[in-house]
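Engineer: can't give you the sequence, but here's the structure:
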Ligand SMILES: Nc1ncnc2c1ncn2[C@@H]1O[C@H](COP(=O)(O)OP(=O)(O)OP(=O)(O)O)[C@@H](O)[C@H]1O
Ligand SMILES: Nc1ncnc2c1ncn2[C@@H]1O[C@H](COP(=O)(O)OP(=O)(O)OP(=O)(O)O)[C@@H](O)[C@H]1O
Ligand SMILES: [Mg+2]
Ligand SMILES: [Mg+2]
């Protein structure tokens, strides 16, 4: 279409651009209406409603599910550790990677917590937690370095470090294990204490969630994580600091798993060889249920956190709903499938709308 | 290289080389671009233009040679470095983030910030709208990049590059996917940038564009610098012979063929939102051109006919027999061959060998009882690759490392091997140099002469007019004109391609 | 002389007996899983016995307690041609093939803590009779809740042989014994001997049975997790807890009043006895027949009972008064 | 300008690298060599490794992984993944047990269990191939779902009373040899899969899909059907492995084979299959499975704890994917003539290389 360039456009003014047929026009919605539709259409809201439904159902069957001091506390407390992991996992998945080693990292730091308290009785709690964060970050850094510089998919690398880190933990621990009696009382109280009816662990998880969620939404670095996950090759061509961002994502995931390990010890008081085994898949599941696309680039950590809440709460609610707890896992599986099928249905509807808008 | 010899050039490359393993992509590339000028870079497929661009952009590091920016020697190790040094690049393949909004795509990594280093979203959207206004397009700045056509993607790339406010703007075939209107707007913007004193490098295989836009032109061949000429002191034929190293006889070697029975009959084909009530017929020995603006839905029609995409209603018949909808295998069995527009993504299994690609469709017929060995494939693929003179050092070479023209030949070879009755070819020469272009055209003509029915989609009007026996024009998914070779003038085609709306209402 | 002629293995068994009489004694211990305080204690006891006997001793085991993981280790013992294997079985039937294979490679197999089918091992060292354990726990819980109210059981896994046997006994005794007429067993849940699962199951129990008065957890992992849960919940002091636990795990909860008393045998003694029994089997002192007797170091003399079972003794009750006398 | 003006006879042999070279310098050869080395080392240095029982136990242990690795290789080559295999094993195990306990004969129950495996594969396949959902997410879901159904059906009980005859079949050996009987169906399946992947048009389609599924679709490969078939195969072979597992241990439990999916995937990746799809060969995968089996067997004989085995398997996995990249990067920094040392680069050989970018011989 090169030689005879008579523009139809010149004759009829800007409105008849060739783009008209193929581009969706700038939206004319007011900012508030746009914000409201965004929220209403969001995946986070729908999953949150499912959560509310589960809680309401379980509570009508059994009042103490929510309305007893323990019921309320457990509703908030139980998901906290998974929330931390899901937030870290969410960030990693947004970059189109995955971190399967979080369960093993958690096991290592949970044991480290106990070990530190046993070997250095006077150590302040904050120092121990910091040590866990640090160890987790270092383990995450190893993952990140291997992924970013080895040019190897994270699934393979973290599957390898899943074995390695747990192997190290078990070798280090030998046949030792940590009992509640080995740990200082205040540390154990951290695991169960509440402030204004909200457990400490939940407060920590929510603070972490808020910080990470805010960063992802409003900081350049956060947006770059999305860009990397959306198309890693384009991100390199674009000149984004891909390696640095990937390292950061894995370090964050590792550090949060480290924190989760310390909090696990505070909450459960004992550290056995099976701490956190299999929890990596739960963290991935929480992220997926919460609307983070498994191939990166979209979703929020808010969704991942709500996903984690839903997973844990469903587990707790099933017995109250009269379903044998053996069926819990089947329900969780059905939930994951439901979530991704729903995503697809919504996406197909959106695509159809785009097609219709072109037909006008 | 006369007028501005004294001033320091914005970009200077001398004897730059770059190899990928055994493949020498660039032997000695040289390029000198002054501020306030538009410099065209031309050369055959695989001449090393894109490689040169990628060296400038910091995607690749040169193996040797001089690379100076504004008189200072530079050595970029990433595209971030080149960006920081004021170089903006539009790559040959669009590089967008599909999940992010169009606006974020433009400003990624350098979003405007407000207090507390927060991203200023509103400011960003406003800025994007201003950019789109300048380019004269209407795109919702909030829509995701996913689902944009290649042309739209290219426009976003251009907006991105312009917004960088760079002193050097390099565009690697930005117009390959654009229609005349959009090309014009792009050129207007490019000229205004030049007038602001910036330097532009423009790569294209279309000479009319080169002559319309550029001030100087550098020719490359086989990875080496050949010559630099002022545009007003040269002619297309001179450039062609410099590029090819010989004279190209005829660009559209159309030979008359006897037109036979109808091979393809499409009637009432519709798909909501894409195309409506399409009727068309292609006869043996006939080349039917399908023209239209970008986004008119030509590719979609072709894809639906071949069964890659579904359609809502209508029928497709080959040799009088209905072909099952949405089933490429049925189409192949019926004798259709389809060369899609995006050869890297659709035409080739790009990371596979030439052999595997060429034998890709015919493997079912060369297999014995469904069983197949590599030597059977080699035996079948070798002659076809040879016949099209695919320039590769080995048949088991990865198709990914070949230049665009050679890749296109592999795709053609793979489909000719099926011995089809109908060939649908979408943008047969997109991004292909003149030399190879003429070869492709001669081949199409020859095939039609042998009785093959050909449906050819092209955005290059000269190509359509030069090759087709009959031209169908598509506008917004509807056929708005059917013109015989004699009636098919540029004006008639353009009218049909753009004036559908008024005619209908 | 070795008069072994136990059915199945016949000739090959007696050949083995005579040949291994002279050389070094090599014993492998295979607990349900590693990193479990209970088994660590029994391994310590076994090691002590092995030292006294001058035997080669080794502990191996899987990370998690599943039968298929144990099979690999049993196979390895067969390959290595060890003299004896001491094992706590994760499944009564699933291990039999592998054990048979080991026995046909002249390995004597002694089970302890959790038995397999009697016909696939040589000897089982029983920590206490099921009746003894069951009635002990009922006695303790009845005491704590004042003889009436709802109780529940938090067990290990649903196919844990010994736990199931005890639970059966408890159910029977609850039904039959008029002293327990007012006690109602409302639920049995399984924590799979995992801390977190047991912890969460405790929570579920309390939530689903608001009138619950007491919990019996006949497994050391379960009772510790349940105690942890109770100790800082609103139920502390209201819901009684007893079962089988180790003093080190439970000390804190006994002292803070969460748990009044609990029972256990000494797992160290269990390992010690199993090792002596294995040695006696290898050197032919016993063949596993009912009535055979052997000397078990500082524990004295033991006699093989019905079904090739050796009984360690009665369970012991730990409470605030005596708990500081123990360290395991 | 051009340096090479060749007017070559365009036959295939003029283009191709010698066959031996292409066969030898591959990732698969490296894995096989490493496996052989570890076996030889173990025979020489690990006490009792050369004993008569080793081969039997080794093969029995790795049999389920060998079996599942066959379809898993094809699935991963198409660029998908199936994390639900171990759960399907668990489900088929439970079904076998429950049906047998309900009075059905073992073969009839096994047949139904296989059908259930097929159904599981069909669910995966439908969602992935026809609905177009990402397999990683789908099979994480079905991993939980299938395991959940298994555990739900049987709780944490176990069913153990299987007829001796059938249990013996699972643990028996071929005649006087120490080769377990299960190797016979495995060998049949392995040959079938090798032919399917490497010597059939279907297999070519599998590779094409992994490299570029859109192009494969445009070339007439039925992408959806191919994926569906692979997930069906994966489901039914996993069920078969579950039945073997159940009969071998004589115990049907909901939690049978938990975590096997990661072992299978580790072995497949170790064997040289690219997680991105499009690359990998079956003999490498089988060597990968054997390698992991031999290492754990040898370490167990040395009484090394399973933790160390896990660390070694993890390190091997990481090293096996990192090393080729590191070698390639290192060799690209060397002067170019020395380049094709890395296995990855074995496709291009020196003669072809020197030709570089050729011009058409038009001026000659
Ligand atoms: N990453 C790579 N690895 C190996 N070879 C490459 C690579 N990139 C380019 N080449 C080779 O380098 C040569 C020059 O390619 P380049 O893309 O620069 O050509 P071009 O002039 O841009 O061609 P076109 O007009 O078709 O875009 C080609 O032969 C190509 O096969
Ligand atoms: N990836 C896509 N997603 C959604 N819609 C698309 C996509 N690509 C194209 N379309 C829409 O389909 C219609 C036809 O597109 P297309 O640009 O392929 O037409 P065409 O006539 O073949 O143009 P050309 O081949 O020159 O690019 C347009 O309305 C366009 O907006
Ligand atoms: Mg190019
Ligand atoms: Mg098109």
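Structural biologist: Here it is on my side, so go on. The shown structure was predicted, so the numbers you read here are calculated from the model rather than taken from an experiment. Ligands and ions are numbered 1, 2, ... in the order given.

Engineer: Quick check, the residue in the stretch 101-250 of chain C closest to chain B?
Structural biologist: residue C:196 (36.1 Å; Cβ to the nearest Cβ). For every residue, glycine as well, the C-beta is placed using N, CA and C.

Engineer: For residue D:219, see how far away the nearest residue to that residue once chain neighbours are set aside is.
Structural biologist: With sequence-adjacent residues excluded and distances taken as Cβ to Cβ, 6 or more residues apart in numbering or on different chains, residue C:196 is closest to residue A:268, at 5.9 Å. Residue A:268 sits at a distance of 56 Å from residue D:219 (criterion: Cβ to Cβ, to the nearest Å).

Engineer: Please identify which of those two sits among more neighbours.
Structural biologist: residue D:219 (28 against 24; other Cβ atoms under 10 Å in any protein chain shown).

Engineer: isn't the more buried one right up against residue D:207?
Structural biologist: No: counting by Cβ atoms under 8 Å, residue D:219 sits too far from residue D:207 to count as a contact (11.9 Å).

Engineer: sorry, back to before: who are the neighbours of the strand or helix carrying the residue of the stretch 101-250 of chain C closest to chain B, in terms of helices and strands?
Structural biologist: Here residue C:196 sits within helix C:195-208, counting by DSSP states H and E. Packed against helix C:195-208, as judged by 3 or more Cβ pairs under 8 Å, 6 or more residues apart in numbering or on different chains; DSSP states H and E, are the following elements: helix A:69-77, helix A:242-268, helix A:301-320, strand C:149-155, strand C:183-190, strand C:212-217, helix C:220-231.

Engineer: For the closest residue to ligand 4 within the stretch 101-250 of chain D, give me its contacts.
Structural biologist: Among all residues of the stretch 101-250 of chain D, residue D:218 sits closest to ligand 4, at 13.6 Å; criterion: Cβ to the ion. For residue D:218, the contacting residues are B:308, B:328, B:338, B:340, B:346, B:347, by Cβ atoms under 8 Å, 6 or more residues apart in numbering or on different chains.

Engineer: how close does it sit to residue A:334?
Structural biologist: Going from residue D:218 to residue A:334 by Cβ to Cβ gives 36 Å.

Engineer: any chance you could map the strands in the stretch 51-200 of chain B?
Structural biologist: Under the criterion DSSP state E, counting those that start in this stretch, the stretch 51-200 of chain B carries strands at the ranges B:64-69, B:72-73, B:87-90, B:168-172, B:199-203.

Engineer: about what we covered before: restrict the contacts of residue D:218 to those near chain D?
Structural biologist: Contacts with chain D within the contacts of residue D:218, as defined by Cβ under 8 Å from any Cβ of the partner chain: B:308, B:328, B:338, B:340, B:346, B:347.

Engineer: gap between the first one and residue D:217?
Structural biologist: This points to residue B:308. 6 Å.

Engineer: And those two? Which one has more around it.
Structural biologist: Higher neighbour count among residue B:308 and residue D:217: residue B:308, with 21 against 18, using other Cβ under 10 Å.

Engineer: Can you say which helix or strand has the more buried one in it?
Structural biologist: Per DSSP H and E, there is no helix or strand for residue B:308.

Engineer: Look at the closest residue to residue B:63 other than its chain neighbours and say how many residues are nearby.
Structural biologist: Nearest residue to residue B:63 in three dimensions, chain neighbours excluded: residue B:17, at 4.9 Å (Cβ to Cβ, 6+ apart). Neighbours of residue B:17 under the rule other Cβ under 10 Å: 19.

Engineer: re the thing from before, distance of the residue of the stretch 101-250 of chain C closest to chain B from ligand 1?
Structural biologist: According to Cβ to the nearest ligand atom, to the nearest Å, residue C:196 stands 51 Å off from ligand 1.
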